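> what's the 3D shape of this:
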Amino acid sequence: MQPCRRAFSAFSRLTSGSDCFALPRMTSKRLFPFSLRLALASSGIALSAHADVKLPALFSDNMVLQQGVPVQLWGWADANEEVKVDCAGHNASILCSGEGRWRMTLPKHKAGGPYTITFSGHNTIALTNVVFGEVWIASGQSNMEWPLRAAFEADKAIANSANSRIRLFTVAKRKADAPVTDVKGSWQECNAASVGDFSAVAYYFARDLQQAREVDVGVIHTSWGGSPAEVWMSEKVLAANPDYKQAILDAYPDQLKKFQDALAQWEKEKADAEKETKEFKKGRPGPPWKPAELYNGMIAPLIPYSFKGAIWYQGESNAGRAQQYRSLFADLIKNWRQDWGQGDLTFLEVQLAPFMAIKDQPGESSWAELREAQELATKVLPKVGMAVITDVGEEKDIHPRQKEPVGARLALAARGTAYGERIVYSGPTYKSLNVKRGEAILRFTNIGHGLEARGGELKGFAIAGDDKKFVWAKAEIKGKKIHVSNPAVPKPVAVRFGWADYPVVNLWNKDGLPASPFRTDDWPVITAGKK
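Numbers count the residues shown, from 1 in each chain. Below you'll find the predicted structure:
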């Protein structure tokens, strides 16, 4: 009996992992000779192959589940296997589908914890330190990806970051040609060891939101530097729009062919240089982004995990197609909302920071057009908010290091938009223009306790007449309005504010929030028709 017990002990250890397909391999004749299999069978120990219950990476120790909405749980197991769940005192069970996947919806839970949640089938998984609170997704390109360790005053922020009521999950980068079912990552409590490589914007957002709401906050960070908006959208949504299909989906094969040709040429030049022992400094060409590839690899596998809303910092890679972004960005939001099926999920964006050379004269700007497209989403869709950051740009760096104000303003927007707090969470926003006696008189919303010019006279206003030629203008705050004028434009018809790659502006409300750049005209833009 002793050899049998040792063999069974080894069998137990080998089959206790999370590999759903391990057991069939463990029951081979090579591992279990006939005499041992006969002994085990006579003892009533079944040797039939089966797969353990397996959970997606999103379900791990330390996770945050969204309070106040039905709890979505899912995973994998044997076909028709019964999976039992004990979730914060609520017991439920479900039969796994014929395809080996199960999914269940449990009742709403109030904020609280920590709890242990168990999943039982052929095996049992116990997740510890689980809490119910507020869950947010953070996505976008490099300015969202930017880690806290590389942000302004990082050492101080990291040293003071420990907070068990903030939980962090980073989705490993993955491109995919079709939607995948899982990601790599795990939930971590926020502390000096876990936060340094986490998104700085997302951390500051979570920190401020947790302090204000006094509830556990979890952030799922899924972003990739340099990515355009269309890679975060589903192929189905892109294909359903004739303009996107032609300009984005159908254009990709030609872009890929050009890359392949350029790569072949680069490799030839490199080989020739090495053969002639010459120095070769030419950079390797990069592949084009494939539409939907990050949606497939980094968004689709998160569905249907319940969350409160999303924060989004992206647009730099679409600035050259700003007019297209006016619809593309709104459609991205609708894409996510439809796929999650949780109604009008709150979506909070970061307006692009100032970047590139400061110009002496008013002019056109693709970055200004992109900012306008971002603001448009707040007007055409419900529960969309925006953080304006005209004060934290860097002229020569597309990655401004000051991320704390960005996260703070997103948290304010969340409190006002997602949670309905009666606070001022936006800076002054252009409302209307009226011309009187040679002056353009502007009205604003979101003025809070009043308008103010920080650091002297108002800057960044330009004015034009019918000739559409803008010149700098004098601007004065008079009560709740701003009067704009220039003697060279006796009959003004349009005003622009902060309309530049790098706007130099100083209009704020007295609640400490900057005004969004704007234009009052609807004249043709320089990115019109660019795809």
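> Can you tell me how far the closest residue to Ala411 other than its chain neighbours is from Ser161?
Nearest residue to Ala411, sequence neighbours excluded (CB to CB, 6 or more residues apart in numbering): Asp208, at 3.7 Å. In short, each C-beta sits where N, CA and C put it, glycine included. Applying CB to CB, to the nearest Å, the value for Asp208 to Ser161 is 13 Å.
> and the end-to-end length of stretch 482-492?
The separation between the terminal residues of stretch 482-492, taken as CA to CA, to the nearest Å, is 14 Å.
> hang on, the earlier thing: and the residue nearest to Ala411, how many neighbours?
20 (other CB atoms under 10 Å).
> swap in Gly196?
18.
> now the helices for the stretch 151-300 of the chain?
Counting by DSSP state H, counting those that start in this stretch, the stretch 151-300 of the chain has helices at residues 154-159, 192-195, 200-213, 235-240, 242-244, 252-275, 293-294.
> would you put the C-alpha positions of the fourth one in PDB?
Output of helix 235-240 as PDB, limited to C-alpha atoms (Å, rounded to 0.1, in the frame of the first residue of the first chain):
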ATOM      1  CA  GLU A 235     -13.900  45.400 -36.300                       C
ATOM      2  CA  LYS A 236     -17.700  44.900 -36.400                       C
ATOM      3  CA  VAL A 237     -18.300  48.600 -35.500                       C
ATOM      4  CA  LEU A 238     -15.700  49.800 -37.900                       C
ATOM      5  CA  ALA A 239     -17.000  47.700 -40.800                       C
ATOM      6  CA  ALA A 240     -20.600  48.900 -40.200                       C
END
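> ok, what's across the strand from Lys436?
Using DSSP bridges, the beta-bridge partners of Lys436 come out as Glu439.
> For Phe461, see how far away it is.
16 Å.
> and what of Ser120?
Taking CB to CB, one finds Ser120 at 66 Å from Phe461.
> Those two: who's more crowded?
Phe461 (25 against 15).
> Angles on the backbone of that one, please.
phi -100, psi 130 (degrees, to the nearest 10).
> quick revisit: who touches the residue nearest to Ala411 in this structure?
Asp208 sits next to 407-408, 411-412 when contact means CB atoms under 8 Å, 6 or more residues apart in numbering.
> Just give me the closest of those residues to Trp224.
Gly407 (19.3 Å; CB to CB).
> show me what contacts the closest residue to that closest one other than its chain neighbours?
The spatial neighbour of Gly407 that comes closest, neighbours along the chain excluded (CB to CB, 6+ apart), is Tyr204 at 2.5 Å. By CB under 8 Å, 6+ apart, the contact set of Tyr204 is 157, 403-404, 406-408, 411.
> hang on, the earlier thing: out of the contacts of Asp208, which sit inside helices?
Among the contacts of Asp208, DSSP state H puts 407-408, 411-412 in helices.
> Kindly reformat those as TSV containing distance to Ser366.
Shown next, in TSV, are the ones in helices among the contacts of Asp208 (distance: CB to CB, whole Å):
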residue	distance to Ser366
Gly407	26
Ala408	28
Ala411	29
Leu412	28
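> Adding pLDDT, write those out as JSON lines.
Below are those laid out as JSON lines (pLDDT from 0 to 100):
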{"residue": "Gly407", "pLDDT": "98"}
{"residue": "Ala408", "pLDDT": "98"}
{"residue": "Ala411", "pLDDT": "98"}
{"residue": "Leu412", "pLDDT": "98"}
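> circling back: which one, of the helices of the stretch 151-300 of the chain, ends up nearest to Gly75?
Among the helices of the stretch 151-300 of the chain, helix 293-294 sits nearest to Gly75 (CB to CB), with 23.7 Å.
> Could you give the average pLDDT over that closest one?
In this model, helix 293-294 has an average pLDDT of 98.
> now the angle from the helix or strand just after it to helix 200-213?
Counting by DSSP states H and E, the next helix or strand C-terminal to helix 293-294 is strand 309-313. If you take axes from the mean of the first three to the mean of the last three CA atoms, to 10 degrees, strand 309-313 sits at 140 degrees to helix 200-213.
> Not counting strand 309-313 itself, show me its contacts.
With CB under 8 Å, 6+ apart as the test, strand 309-313 has contacts from 136-141, 143-144, 201-202, 205, 223, 336, 345-350, 383, 406, 410, 414, 417-418.
> Looking at the helices of the stretch 151-300 of the chain, spot the one closest to Asn509.
Of all the helices of the stretch 151-300 of the chain, helix 200-213 comes closest under CB to CB, at 18.8 Å.
> tell me which residues of that closest one are tucked away?
For helix 200-213, burial by neighbour count (16 or more other CB atoms under 10 Å) applies to 200-210, 212-213.
> now stretch 411-428
Buried residues in stretch 411-428, counting neighbours by 16+ other CB under 10 Å, are found at 411-418, 424-428.
> Looking at these, which is nearest Gly448?
Using CB to CB, the buried residues of stretch 411-428 come closest to Gly448 at Val424, 4.0 Å.
> Any figure for the gap between that closest one and Asn509?
Distance from Val424 to Asn509, by CB to CB: 7 Å.
> Between those two, which contacts overlap?
446, 448-449.
> Asn241 against Ala330, yeah?
No: judged on CB atoms under 8 Å, Asn241 makes no contact with Ala330 at a distance of 11.5 Å.
> Which one's more surrounded, those two?
Ala330 (19 against 16).
> secondary structure class for that one?
helix (DSSP: H, G, I helix; E, B strand; the rest coil).
> let's have the chain start at 27 instead
With the count now opening at 27, the last piece we talked about shows up as Ala356.
> is it true that it touches Lys405?
No: at 9.7 Å, Ala356 and Lys405 do not qualify as touching, with contact defined as CB under 8 Å.
> what sits against the closest residue to Gly367 other than its chain neighbours?
Nearest residue to Gly367, sequence neighbours excluded (CB to CB, 6+ apart): Pro330, at 7.1 Å. Contact analysis of Pro330 by CB under 8 Å, 6+ apart lists 98, 100, 129, 366-367.
> For Pro330, give its distance to Glu179.
Distance from Pro330 to Glu179, by CB to CB: 38 Å.
> Tyr229 too?
Distance from Tyr229 to Glu179, by CB to CB: 13 Å.
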